[in-house]
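K.L.:
Quick one, what's the 3D model for this:
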Amino acid sequence: MQPLDSPARPGAILSFDFDGTLYHPAENPPVSPRLFQNLERLRREHGALWGINTGRSIGHVAEGLVDGRFPFAPDWVVAREREVWLPNEKGRWVSHEPYNKQCEANLARFFAEVQDVLDAIRNEVEEHTGATWIEQPGDPAGLVARTEEEMAWIMERVQALTANTPHLGWQRNSIWLRFGHKDYQKGSSLAEVARHFGVATDRVFAIGDSHNDFEMLSPDVAAMFACPANAVPDIRAHVSQGGGHVCLLTHSEGCAEALEHFFGTGA
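P.N.:
Numbering: from 1, shown residues only. Got it, this is the predicted structure:
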């Protein structure tokens, strides 16, 4: 799977959350053909480069592209909310260095510094809830709750326990939570993508549906931002209050609607 032909000069960056926004497996097809038509049109008309900005690993993104029946690959991927990946001439995903390497080194040092706080959170979660603590390579601290209600209780405790650790952040998507540094999230990663391709913020578009999309749905990162109709209430309110576009349509149809809202429908 190869990206669309490269534009002579990148003219816009389009950033899509994957699960719940761009891709919805319960629909047939999982991604609307209308979206792909818009991406091809915006490549021709604006030199737009599009990408996926997700909490998935890069391997899981590749699986999603196959499952979603994508006719062409993205021009870039942000995986695990912080890793930037670019396709090489053979279509294989290559880590964007030195950005990714520096990011991982900084996070390793940071996690060592806040280990006591993370241990306190883990003890609280395991003593009072049925949530599962997750430790894995590259993501040494995270958890999955049983329900949204349980996650809401956990978030209250997390906020209290981290009050004196201002740089400890987290990325939440429904019942999933990943801890990290507040400087490394979807917004900072999208800013690095735009910097790499030489595209100004006023030509950056972003759309997402859940809590881990807050940072990229900001005029400081993307002058054009939106959420599909199925977005969680907090995201819908954030987008509306910030002057973004709250779509009437869900999932990838909402993505197409948002692109047409900001870029028009073409000739």
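K.L.:
Do a quick rundown of the helices in this structure.
P.N.:
With DSSP state H, the ranges of helices along the chain come out as 33-46, 58-67, 99-113, 115-128, 148-161, 186-197, 233-241, 251-263.
K.L.:
Out of the ones you listed, flag the one nearest Pro137.
P.N.:
helix 99-113 (10.5 Å; Cβ to Cβ). Backbone N, C-alpha and C define where each C-beta goes, glycine included.
K.L.:
List the contacts of that closest one.
P.N.:
82-84, 95, 118, 138, 140-141, 167, 180-181, 183-184, 192 (Cβ atoms under 8 Å, 6 or more residues apart in numbering).
K.L.:
Let's see that with 10 Å instead.
P.N.:
79, 82-85, 95-96, 98, 118, 138-141, 165, 167-169, 179-184, 188-189, 192-193, 195-196 (Cβ atoms under 10 Å, 6 or more residues apart in numbering).
K.L.:
filter these to the buried ones?
P.N.:
Buried members of those, counted by 16 or more other Cβ atoms under 10 Å: 79, 82-85, 96, 118, 139-141, 168-169, 179-181, 184, 188-189, 192-193, 196.
K.L.:
Could you list the low-pLDDT ranges of the chain?
P.N.:
Counting by pLDDT under 70, the chain shows low-confidence ranges at 267.
K.L.:
quick one, domains of it?
P.N.:
Following the assignment in automatic domain parsing, the chain carries domains at 12-81+185-263, 111-180.
K.L.:
Pick the most deeply packed of these.
P.N.:
Neighbour counts (mean count of other Cβ atoms under 10 Å) averaged over each of the domains of the chain peak at domain 12-81+185-263, with a mean of 20.
K.L.:
measure the nearest residue to Asp75 once chain neighbours are set aside to Glu253 for me?
P.N.:
Residue nearest to Asp75 in three dimensions, not counting chain neighbours: Leu49, with 4.1 Å by Cβ to Cβ, 6 or more residues apart in numbering. For Leu49, the distance to Glu253 (Cβ to Cβ, to the nearest Å) stands at 22 Å.
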